[in-house]
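Trainee: this one's sequence-less:
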């Protein structure tokens, strides 16, 4: 019985690594596909919100690049009303959503997250 459980576990792990399956989570995802934001939570003692992909308040994602910070930003933006595909790529739609969020909150609307935008986005997320 123990051997069968291990074999099934290896098969599931191999399938996840190969990108098989509909949706990945922060704990099982790779750079391919879309991710489930889950419920999110407030970071103790800070009042900032996270979905567990990244806890940064300063990192500036690069345009047309993939990162966990980008997936976090997309989840946060979705929570405040932007309908983005949470894929971890900081492309045209993510940049435009960030610029719109910045404009609506009195920040310079350059479309890039950084030390002035992350804290505001996290504070408004839910």
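Mentor: On my side now, so go ahead. These numbers come from a predicted model, not from an experiment.
Trainee: from now on I want contacts and neighbour counts done on CA atoms only, so please keep to that.
Mentor: Will do.
Trainee: next, the buried residues of the strand or helix carrying residue 101.
Mentor: Using DSSP states H and E, residue 101 sits in helix 92-104. Buried residues in helix 92-104, counted by 16 or more other CA atoms under 10 Å: 93-95, 97-102.
Trainee: same question for stretch 81-88.
Mentor: So, applying 16+ other CA under 10 Å, buried residues of stretch 81-88: 82, 85-88.
Trainee: who touches it?
Mentor: 31-37, 66-72, 74-75, 77-78, 93-94, 97 (CA atoms under 8 Å, 6 or more residues apart in numbering).
Trainee: distance between the helix or strand following the helix holding residue 101 and the chain's centre?
Mentor: Following helix 92-104 in sequence order, the next helix or strand is helix 118-124 (DSSP H and E). Here helix 118-124 shows a centroid-to-chain-centroid distance of 14 Å under the convention CA atoms, centre = their mean, to the nearest Å.
Trainee: just checking, what packs against helix 118-124?
Mentor: The contact analysis (3 or more CA pairs under 8 Å, 6 or more residues apart in numbering; DSSP states H and E) places helix 118-124 against strand 49-50, helix 68-79.
Trainee: can you rerun that using 10 Å?
Mentor: Counting by 3 or more CA pairs under 10 Å, 6 or more residues apart in numbering; DSSP states H and E, the packing neighbours recorded for helix 118-124 are strand 49-50, helix 68-79, helix 92-104.
Trainee: what's the spacing between the residue lying closest to residue 88 once chain neighbours are set aside and residue 49?
Mentor: Leaving out its chain neighbours, the residue that sits closest to residue 88 by CA to CA, 6 or more residues apart in numbering is residue 71, at 4.0 Å. Distance from residue 71 to residue 49, counting by CA to CA, to the nearest Å: 14 Å.
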